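Q: Fold the following, please.
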Amino acid sequence: MNKFVFVVCGGREHIEELNFSIKFLRHFSKNEIIVITDNKRNEIPVMHDNVIQVNTPEEFDNHQASIFIKTAINRFLPKTHKYCYLDGDIIAITDKVDSIFDHFLAPISFATDHCAINEFSPHAMNCKCVEENLKEEDNFNAKLSELFGKINLTDPHIKKQTEELLSIFVRYRRNPIKYVFKNTKYLLQRYVIPIKSFIFNNYKFQKKTKCWYNNNNDIILFDYPYYEKKLWGTAGIRFNKEENTWENKEGKKYEFKAPSCNHLTEYLKKEYAVNIPKDWQHWNGGVFLFDDSSADFLNYWHNQTIKEFSNPYTKTRDQGILALTVWKFRLENHPTIPQEFNWITEYANNDIVWQKDFGYTKDGLKTRFSPSLLHVYHEWGNKDWSIWKSVKELEKQIFTD
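A: Sure thing, here's the model as predicted:
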């Protein structure tokens, strides 16, 4: 038989996510759903009638306890069945969800992550690469603040709004006939009508400051040509159009890419004699299929992950050791579960969008995408995010009497 299984321990927010996700899975799946937990740790009840109690080591914190159960999951479940593990932040949105079991290939099947292993590395290691990246962003924002007061253009929410506004400008310029009335209205408000400010696609432009603001009155964009000389003279920075980067007078470039490093792969090579390419598309631990044939893989993953709990150089995660296990078992080219069953919805990625009349897209509305499971690993409950709006819209449709 096919069965879904979740793991949760401790915090209210994680159990609330799980309770929310189970509600959707119950609606769309015909298969049994199991939750494994240590009830002694839980701040609120798990709202499910099929729960397996596991007593986790008392010396572990709740995060470690969840990983302890997850990586040893096969030890707590009946044999002879095929299981699909799901993180609590994964939401079923179609009745095709049960077809995920068709994609099992022994000894185990995972979905891929949304980034390569070198981008995951700073989040798996205590190497301070994330902190260094943040320092660079803080330095850049501090220079801008010399002119604008408090400003943070590298904040993920601000960046998303900035990119959204810029994409609107590009779209209007490329389709002057289609958007003739909107373009005309914008030009009249900006350059002709004697007003102090105006609203354009939910963003406000102040003529005096020549800046764009969001609903929280944060600056998200400014008129660069107007400020170019002041930026160079006061803050000592400018935008290099040829290289598409900001730079200071010393030639230092501010690129603001996602932090990446080779510390994880270097560590795994040194400690475990496994050589993983830095650009390998590693597996995501949020969804995986397993059965009795998965025992050796899961046992190794579990044992090495628990061993790393006491290592101050590695963070308490299971995914770095998952990569090690994949390569130890020579499964680096093993087929993975299709993306539709673990669509990792990145808030900062403007190509990942939902529109009521269009549906989901992962390429900025060029094509439609039909996921069965949404992996909402951050920005859970963000009412301004189109992906969360889609979840709430679906909730309204299927759970409203």
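Q: from here on, contacts and neighbour counts on C-alpha atoms
A: Will do.
Q: partners of the stretch of helix or strand Y85 belongs to, with directions?
A: Assigning secondary structure by DSSP states H and E places Y85 in strand 82-86. If you go by DSSP bridges, strand 82-86 pairs up with strand 2-8 (parallel), strand 283-290 (antiparallel).
Q: mean confidence score for the longest one?
A: Think strand 283-290. The pLDDT scores in strand 283-290 average 97.
Q: again with the shortest one
A: Confidence over strand 2-8, taken as the mean pLDDT, stands at 98.
Q: Off-centre distance for that strand?
A: 22 Å (Cα atoms, centre = their mean, to the nearest Å).
Q: who's in contact with it?
A: 14-15, 18, 31-38, 66, 69-70, 81-88, 101 (Cα atoms under 8 Å, 6 or more residues apart in numbering).
Q: Same list (the strands paired with strand 82-86) but as TSV, adding mean neighbour count and distance to S121.
A: As requested, the strands paired with strand 82-86 are exported to TSV (neighbours: other Cα atoms under 10 Å; distance: least, Cα to Cα, whole Å):
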stretch	mean neighbour count	distance to S121
strand 2-8	21	24
strand 283-290	23	13
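Q: Ok, which of the ones you listed comes nearest I151?
A: Of all the strands paired with strand 82-86, strand 283-290 sits nearest to I151, with 34.7 Å by Cα to Cα.
Q: Next secondary structure after the closest one?
A: That would be, after strand 283-290 and using DSSP H and E, helix 295-308.
Q: Okay, angle between that next one and strand 283-290 too, please.
A: With axes from the mean of the first three to the mean of the last three Cα atoms, to 10 degrees as the basis, helix 295-308 and strand 283-290 are set at 140 degrees to each other.
Q: any idea of the pLDDT on D401?
A: 57.
Q: Any regions of this protein where pLDDT drops low?
A: Within the chain, the segments meeting pLDDT under 70 span 401.
Q: can you rerun that using 80?
A: The chain contains residues with pLDDT under 80 at 255-258, 400-401.
Q: Now a PyMOL select for only the buried ones of the contacts of strand 2-8.
A: Of the contacts of strand 2-8, the buried ones go into a single PyMOL selection, burial set by 16 or more other Cα atoms under 10 Å:
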select buried, resi 14+15+18+33+34+35+36+37+38+66+69+70+82+83+84+85+86+87+88+101
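Q: so what's N215 up against?
A: Residues near N215 by Cα under 8 Å, 6+ apart: N202, Y203, K204.
Q: typed the wrong thing, it's F256
A: Counted by Cα under 8 Å, 6+ apart, F256 has contacts N133, E137, T154.
Q: One more: C261?
A: N118, E119, S121, P122, C129.
Q: Number of residues surrounding the closest residue in space to K356 that isn't next to it in sequence?
A: Spatial nearest neighbour of K356, chain neighbours left out: S390 (7.6 Å); criterion: Cα to Cα, 6 or more residues apart in numbering. Number of residues near S390 (other Cα atoms under 10 Å) recorded here: 19.
Q: Helix or strand: which one has S390?
A: helix 386-399.
Q: can I see the domain layout of the chain?
A: Under the assignment automatic domain parsing, the domains of the chain span 2-114+281-399, 129-254.
Q: and those, which is most packed in?
A: Highest mean neighbour count among the domains of the chain (mean count of other Cα atoms under 10 Å): domain 2-114+281-399, with a mean of 18.
Q: quick revisit: return the distance of the strand holding Y85 from the chain's centre.
A: Centre-to-centre, strand 82-86 and its host chain are 21 Å apart (Cα atoms, centre = their mean).
Q: residues in contact with it?
A: Residues contacting strand 82-86 (Cα under 8 Å, 6+ apart): 1-7, 101, 286-292.
Q: Just flag the most distant two among those.
A: M1 and G286 (21.3 Å).
Q: ok, and the most crowded of the contacts of C261?
A: Using other Cα under 10 Å as the neighbour test, the contacts of C261 are led by S121, with 25 neighbours.
Q: Number of residues surrounding the residue nearest to it when sequence neighbours are not counted?
A: Nearest non-adjacent residue to S121, counting by Cα to Cα, 6+ apart: L264, 5.1 Å away. L264 is surrounded by 28 other residues when neighbours are defined as other Cα under 10 Å.
Q: Tell me if I am right that E16 is in a helix.
A: Yes - checked against DSSP: H, G, I helix; E, B strand; the rest coil, E16 lies within a helix.
Q: and the gap between it and E58?
A: As for E16, its distance to E58 is 23 Å (criterion: Cα to Cα, to the nearest Å).
Q: likewise L231?
A: 56 Å.
Q: all helices of the stretch 51-200 of the chain, in order?
A: 62-71, 117-124, 129-148, 156-174, 180-187 (DSSP state H, counting those that start in this stretch).
Q: so what's F288 up against?
A: So F288 contacts C84, Y85, L86, I108, S109, F110, A111, I337 (Cα under 8 Å, 6+ apart).
Q: hmm, what's the outermost residue in the protein?
A: P194 (43.6 Å; Cα atoms, centre = their mean).
Q: So which residue is dead centre in the protein?
A: E346 (4.0 Å).
Q: Work out for me the element it sits within.
A: Going by DSSP H and E, E346 is not part of any helix or strand.
Q: Let me see the contact set for it.
A: Contacts of E346 by Cα under 8 Å, 6+ apart are I352, V376, Y377, H378.
Q: same check, this time on H48
A: N19, I22, V35.
Q: which one of those residues is nearest N217?
A: Of the contacts of H48, the one sitting nearest to N217 (Cα to Cα) turns out to be N19, at 35.5 Å.
Q: The residue lying closest to that closest one once chain neighbours are set aside is in what secondary structure piece?
A: Of all residues not flanking N19 in the chain, M47 sits nearest, at 5.8 Å (Cα to Cα, 6+ apart). Using DSSP H and E, M47 maps to neither a helix nor a strand.
Q: quick one: contacts for N118?
A: S260, C261, N262, H263, L264, T265, K278, D279, W280.
Q: circling back to that earlier point, which members of the contacts of F288 define the maximum pairwise distance?
A: Using Cα to Cα, the two most remote members of the contacts of F288 are L86 and I108, lying 14.1 Å apart.
Q: TSV for the contacts of C261, including distance to L365?
A: Conversion of these to TSV gives the following (distance: Cα to Cα, whole Å):
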residue	distance to L365
N118	29
E119	26
S121	31
P122	31
C129	34
